[in-house]
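A.B. asks: Sequence and predicted structure are below.
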Amino acid sequence: MYGKTLILTAALFASGCATGYQVDGFTGGQEPTWRGTDILSVSSSGNAYTSSKKLKRMTLLRAAESAIEANYRYFIEIDSANTGSTSTQYLPTTTNTTYTVSSPTPYSTSLSSTSYTSGGPTTVYKPGVDKVYRMFETLPEDARPGQFYDAYEIYNEYGRKWVKNFTPKTPPAGS
């Protein structure tokens, strides 16, 4: 019985937290996969406490981090798919009873109040996205402003928020 209670408590604790910046895990995350030498796919999923905006930013951060590790500086999104899901969860009905007892005398009284919280169905959205990026060592000559992401800019902007032991990265000289 103690083991089941511990597992249930851990599951409830984990489900109450938004998805963090992590490789895909129990509460979601971002999973990078190289499809070729310069094509990166990032699958991201969140839980009900993660906003779509935050998930998209963490997906960009994972792409930037992967680009830097592979010696790329720029990348462009070439494909995207929404993989979010909606589900219905049923909340239990709860009862809370409070007792108030006065001091022990021949005329002591006892008061109680009971409150009920109605359970029922609730709709939950869990965001998800699959993005495909093409990587570049240098910015193409025909690049338009705002078309490409700079991996170092993305990493330094979002990494401060979500990367443990964050250290800013600077691009190599001449790139």
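C.D. replies: Perfect, I can see it now.
A.B. asks: isn't there a helix covering Thr122?
C.D. replies: No: Thr122 sits outside any helix when classified using DSSP: H, G, I helix; E, B strand; the rest coil, being strand.
A.B. asks: what's across from it in the sheet?
C.D. replies: Partner residues in beta bridges with Thr122: Gln89, with DSSP bridges as the criterion.
A.B. asks: Let me see the ranges of the helices in the protein.
C.D. replies: Along the chain, counting by DSSP state H, helices occupy 2-15, 52-69, 151-162.
A.B. asks: Taking helix 151-162 as reference, get the angle to the second one.
C.D. replies: Counting by axes from the mean of the first three to the mean of the last three C-alpha atoms, to 10 degrees, helix 52-69 lies at 130 degrees to helix 151-162.
A.B. asks: now helix 52-69: how far from the chain's centre is it?
C.D. replies: 11 Å (C-alpha atoms, centre = their mean, to the nearest Å).
A.B. asks: And the contacts of it?
C.D. replies: Outside of helix 52-69, the residues within contact range by C-beta atoms under 8 Å, 6 or more residues apart in numbering are 18-19, 21, 28, 30, 32, 34, 40, 42, 44-46, 73-75, 84, 127-129, 131, 133, 135, 149, 151-152, 154-155, 158-159, 162-163, 169. No exception for glycine: its C-beta is placed from N, CA and C like everyone else's.
A.B. asks: now the residues you listed: which count as buried?
C.D. replies: Buried positions within the contacts of helix 52-69, assessed by neighbour count (16 or more other C-beta atoms under 10 Å), are 19, 21, 28, 30, 32, 40, 42, 44-46, 73-75, 127-129, 131, 133, 135, 149, 151-152, 154-155, 158-159, 162.
A.B. asks: Narrow the residues you listed to those in strands?
C.D. replies: With strands taken from DSSP state E, the overlap with these comprises 30, 32, 40, 42, 44-45, 74-75, 128-129, 131, 133, 135, 149.
A.B. asks: What distance do you get for the closest residue to Pro171 other than its chain neighbours to Thr97?
C.D. replies: Distances taken as C-beta to C-beta, 6 or more residues apart in numbering put Tyr152 closest to Pro171, at 4.9 Å, once the chain neighbours are dropped. Here the criterion is C-beta to C-beta, to the nearest Å. By it, Tyr152 lies 59 Å from Thr97.
A.B. asks: swap in Ser43?
C.D. replies: For Ser43, the distance to Thr97 (C-beta to C-beta) stands at 47 Å.
A.B. asks: pLDDT below threshold where in the chain?
C.D. replies: By pLDDT under 70, the weakly predicted segments of the chain are 1-27, 99-112, 116, 175.
A.B. asks: hmm, 90 instead?
C.D. replies: Confidence mapping of the chain against pLDDT under 90 gives the ranges 1-30, 46-50, 87-124, 163-166, 172-175.
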